[in-house]
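Enquirer: need coordinates for the below:
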Amino acid sequence: MTYRKIKGLPFTFDNYPWTLDMHNSEAPLNVGQKSAQMGFTETTLNIVLYTIDILNRDVLYILPSKVPDACEFSAARFDPALEESSHLINLFSSVRNVGHKRSGSTNFYIRGSNSRSGLKSIPVALIVFDELDEMNQENISLAEERVSGQIDPRIWKISTPTIPNFGINQAYLQSTQEHFFFPCPHCQKHIELIWPDSIKIIGEHEHDPRIQESHLICSECKKPLPNEKVYLRSGKWIPQNPESRIRGFYINQLYSFLRKPFDVVQLFFRSQIDQHAEQEFFNSKLGLPHVVEGAQIKDHEITAVLGTRKKSDPFDTGIITLGIDQGKWLHYEVDKWHFDKLTNDCNMNAICEVLDEGKCLEFSELDTIMRKYQVTYCVIDAQPDRRKAFEFAVKYSGHVSLCFYARGQHGRSISVDSNEDQHKITVDRTSWLDTALHRFHTKRIILPQDVSHEYQNHIKSLIRYYKKDEQGNPTGHYVSDGPDHFGHARCYAEIALPFAASFTTGHNIRVFL
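Expert: Numbering: from 1, shown residues only. Next up, the predicted model:
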């Protein structure tokens, strides 16, 4: 750390003592599950600079997206680190390119996780995944291959968590699961700071001025811990799973030298009445994965909507939709719709009866489903095999749309491509998944008695996660803790309803949106 400076001062471990041993880790894979602002990014940046300067080896640093994440990291983290050190700034011959910095023959690549092409053909000795949970999860294994064939490679994965068994939490559970313990200055027992055992909450609500008196306590002897946390500097990491070859580090914001306990308490009070605050409290303050109540379909909700009909039983014709999600398999859901009344919002005033669900390998097998159920309208995932999906839409022209999920759509609006030959529609992913899955909460869906366990598991895999957008506004989107293809097939069958209803009523589809 000889050459690192932050805001003109030499880098020290005084305010982040838990990061010292992290710097010295020799494990091939290291995982950091953390709350916000705990020094993990500075740690990985130091490791990056050491790898380039001392080891003369190439490095790949991955962030969720190129814009703004990779650009902001380059401008706000990496470039200032060089500018504050004459040694480091002279180390690099070229830093103007946001995605590629050169130090002699050594390369430093900064990439967003969304671009598969940007993660290919870059052999490196060190990879850092920063904010793993926000990344395109499908491209992570592709990026990890960049160290294959290297001697003594290193990978670091750091992130605030989102939901259990996803992203950083999934990686952390496979690691040594180390917690930072220190001797209590009163009883000398080795303890850690955990919520709520290590804090004394003062006050009744987030606007109560007394919450500033909230303070840390020893979880053993219950005595108040000093405000100056110098006792943490004698702490050490203790593994909960010492047999693992993967080192994993967990820390929460109660340890922070820069944040006061009442910051955590204030958000805790807010989390009692606000779902977005609840998600942020667990993820950003406690560094723990969390599922907000109602954000995930539960077993009892699926059991409650099981009907008496089996998939092989006869059915009456009517308004029938088909939703298809592409992947290795073509997962599909066939729905019949029953209306309380036909209004401008047909999705909200309809009960969905799932006639069939399943999967097939070939597009030709979908023809049988279209004929058997006399499908009124079908919506199919446009990716990954857009050509075959397009051919399917052409075969059933006027009855099939290729669906793209995209940002910028308003609520449940459906953007229909002006060129009818494209058979293309664009929708907001979150809004339509909300509609498709909310039926399980309100019991406005009926499943066949013999619905597959795979279907049930896929529906339960989709979890609504609350976060803030670039402007700081609370938003929701879906992440998955397992395969979710039937969940998206359910969504596409839901999207098909306004089209199907327009066929049977003579209304323009836009009337129903």
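Enquirer: quick one: contacts for the residue nearest to Ala125 when sequence neighbours are not counted?
Expert: Closest residue to Ala125 in three dimensions, ignoring its sequence neighbours and counting by C-beta to C-beta, 6 or more residues apart in numbering: Arg57, at 3.7 Å. For every residue, glycine as well, the C-beta is placed using N, CA and C. Counting by C-beta atoms under 8 Å, 6 or more residues apart in numbering, Arg57 touches Thr51, Thr106, Val124, Ala125, Leu126.
Enquirer: quick one: which of those sit in helices?
Expert: Per DSSP state H, helices hold the following members of the contacts of Arg57: Thr51.
Enquirer: returning to that earlier point: give me the local confidence score for the residue nearest to Ala125.
Expert: According to the per-residue confidence, Arg57 scores 96 in pLDDT.
Enquirer: spell out the residue ranges of the helices in the stretch 301-450 of the chain.
Expert: Taking DSSP state H, counting those that start in this stretch as the criterion, the stretch 301-450 of the chain contains helices spanning 364-372, 386-395, 429-442.
Enquirer: buried sites along the last one?
Expert: Neighbour-count burial for helix 429-442, with 16 or more other C-beta atoms under 10 Å as criterion, is recorded at Arg429, Thr430, Trp432, Leu433, Asp434, Thr435, Ala436, Leu437, His438, Arg439, Phe440.
Enquirer: what's across from the nearest residue to the second one once chain neighbours are set aside in the sheet?
Expert: In space, and not counting its chain neighbours, Thr430 is closest to His477: 5.0 Å by C-beta to C-beta, 6+ apart. Residues in a beta bridge with His477, per DSSP bridges, are Tyr465.
Enquirer: helices and strands around the longest helix along the chain, which ones?
Expert: Using DSSP H to define each element, the chain has its longest helix at helix 485-505. Counting contacts by 3 or more C-beta pairs under 8 Å, 6 or more residues apart in numbering; DSSP states H and E, helix 485-505 is packed against strand 320-325, strand 330-339, strand 350-360, strand 377-381, strand 400-405, helix 429-442, helix 453-461.
Enquirer: and with 6 Å instead?
Expert: In terms of contacts (3 or more C-beta pairs under 6 Å, 6 or more residues apart in numbering; DSSP states H and E), helix 485-505 is packed against strand 320-325, strand 330-339, strand 377-381, helix 429-442, helix 453-461.
Enquirer: looking at these, which is nearest to Gly112?
Expert: helix 429-442 (19.2 Å; C-beta to C-beta).
Enquirer: residues contacting that closest one, please?
Expert: 297, 301, 347, 352, 405, 411-412, 445, 476-478, 490-491, 494-495 (C-beta atoms under 6 Å, 6 or more residues apart in numbering).
Enquirer: if we use 8 Å, what do you get?
Expert: Outside of helix 429-442, the residues that reach it under the criterion C-beta under 8 Å, 6+ apart are 294, 297, 301-302, 305, 347-348, 352, 405-406, 409, 411-412, 445, 459, 462, 464, 475-478, 487-488, 490-491, 493-495.
Enquirer: just want the angle from that helix to strand 350-360.
Expert: In this structure, helix 429-442 runs at an angle of 110 degrees to strand 350-360, with axes from the mean of the first three to the mean of the last three C-alpha atoms, to 10 degrees as the basis.
Enquirer: Ile158 pairs with what?
Expert: Gly32, Asp130.
Enquirer: so it touches Lys34, yeah?
Expert: Yes - counting by C-beta atoms under 8 Å, Ile158 sits close enough to Lys34 to count as a contact (6.6 Å).
Enquirer: overlap of the contact sets of those two?
Expert: Residues within reach of Ile158 and of Lys34 at once, by C-beta under 8 Å, 6+ apart, are Phe40.
Enquirer: pick out whichever of these two has more residues nearby.
Expert: Taking neighbours as other C-beta atoms under 10 Å, Ile158 and Lys34 compare with Lys34 leading, 26 against 22.
Enquirer: related to what we said a few turns ago, any idea how far Lys468 is from the residue nearest to Thr430?
Expert: Between His477 and Lys468 the distance is 11 Å, computed by C-beta to C-beta, to the nearest Å.
Enquirer: got it, and Leu49?
Expert: When Leu49 is compared with Lys468 (using C-beta to C-beta), they lie 30 Å apart.
Enquirer: ok, those two, which is more surrounded?
Expert: A direct count of neighbours by other C-beta under 10 Å for Leu49 and Lys468 places Leu49 higher, at 24 against 13.
Enquirer: enumerate every residue touching that one.
Expert: When contacts are counted by C-beta under 8 Å, 6+ apart, Leu49 is found next to Tyr3, Arg4, Ala81, Leu88.
Enquirer: save those as a markdown table, and put in neighbour count and distance to Pro209 too.
Expert: Converted to a markdown table, the contacts of Leu49 look like this (neighbours: other C-beta atoms under 10 Å; distance: C-beta to C-beta, whole Å):
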| residue | neighbour count | distance to Pro209 |
| --- | --- | --- |
| Tyr3 | 19 | 45 |
| Arg4 | 19 | 40 |
| Ala81 | 21 | 39 |
| Leu88 | 19 | 45 |
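Enquirer: kindly indicate which of those residues lies nearest Asp313.
Expert: Among the contacts of Leu49, Ala81 lies closest to Asp313 (C-beta to C-beta), at 66.7 Å.
Enquirer: what about the closest one, which helix or strand?
Expert: helix 79-83 (DSSP states H and E).
Enquirer: using CSV, write out the CA atom coordinates for that helix.
Expert: C-alpha atoms of helix 79-83 as CSV (Å, rounded to 0.1, in the frame of the first residue of the first chain):
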residue,chain,number,x,y,z
ASP,A,79,-8.3,7.5,-12.5
PRO,A,80,-8.2,9.4,-9.1
ALA,A,81,-6.2,6.6,-7.6
LEU,A,82,-3.6,7.2,-10.3
GLU,A,83,-3.7,11.0,-10.1
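Enquirer: for the buried residues of helix 429-442, which one is nearest Gly318?
Expert: Arg439 (17.5 Å).
Enquirer: all the strands of the stretch 201-350 of the chain, residue numbers only.
Expert: With DSSP state E, counting those that start in this stretch, the ranges of strands along the stretch 201-350 of the chain come out as 215-216, 236-239, 247-251, 320-325, 330-339, 350-360.
Enquirer: need the winner for burial among those strands.
Expert: When you average the neighbours per residue for each of the strands of the stretch 201-350 of the chain (mean count of other C-beta atoms under 10 Å), strand 320-325 leads with a mean of 27.
Enquirer: that strand vs strand 330-339, what angle?
Expert: 150 degrees.
Enquirer: in helices, which of the contacts of Leu49 fall?
Expert: Among the contacts of Leu49, the members falling in helices are Ala81, Leu88 (criterion: DSSP H).
Enquirer: make a markdown table from the contacts of Leu49 and add pLDDT and distance to His179 to it.
Expert: As requested, those are arranged in a markdown table below (pLDDT from 0 to 100; distance: C-beta to C-beta, whole Å):
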| residue | pLDDT | distance to His179 |
| --- | --- | --- |
| Tyr3 | 71 | 31 |
| Arg4 | 84 | 27 |
| Ala81 | 86 | 29 |
| Leu88 | 87 | 33 |
